[in-house]
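Enquirer: Sequence and predicted structure, then a few things I'm wondering about:
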Amino acid sequence: MTKTGKEDPVWQQAVEWTMREHDGTLDEAGRADLLQWLAISPQHGRAYQEAARLWLITGLVPPSEDVDSASTSCRSEEV
């Protein structure tokens, strides 16, 4: 059985990172923590990319260079 979004801790963390990034509460230390979290597993990168994409397509946040650069980092780590 697979977990739904509400039950998946990786998805929940990805959503939290996305929210912090877009509400302005992600400082340099937080950014370093995000990058470390992304480096732990390709699953983290995929979840983060999906959370960021959903925020963008729903219009909840304006496009951010930070999201683009973090997504690029995730993709390069998966290669």
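Expert: Sure thing, it's come through. Numbering: from 1, shown residues only.

Enquirer: any idea what sits nearest residue 15, other than its immediate chain neighbours?
Expert: Counting by Cβ to Cβ, 6 or more residues apart in numbering, residue 15 lies nearest to residue 51, which is 4.9 Å off, once chain neighbours are set aside. The C-beta positions use only the backbone N, C-alpha and C, and glycine is treated the same way.

Enquirer: In this structure that neighbour contacts residue 18, no?
Expert: Yes: using Cβ atoms under 8 Å, residue 51 is in contact with residue 18, at 4.3 Å.

Enquirer: and these two? which has more neighbours close in?
Expert: More neighbours surround residue 18 than the other of residue 51 and residue 18, with 27 against 22 (other Cβ atoms under 10 Å).

Enquirer: How about the contacts made by the more buried one?
Expert: Contact analysis of residue 18 by Cβ atoms under 8 Å, 6 or more residues apart in numbering lists 48, 51, 52, 55, 67.

Enquirer: Would you check that the fourth one makes contact with residue 20?
Expert: So that's residue 55. No: contact criterion Cβ under 8 Å: residue 55 and residue 20 do not qualify, at 11.6 Å.

Enquirer: Show the secondary-structure elements that the helix or strand harbouring residue 33 is packed against.
Expert: Using DSSP states H and E, residue 33 sits within helix 28-40. Applying 3 or more Cβ pairs under 8 Å, 6 or more residues apart in numbering; DSSP states H and E, we find helix 28-40 packed against helix 9-23, helix 42-57, helix 65-78.
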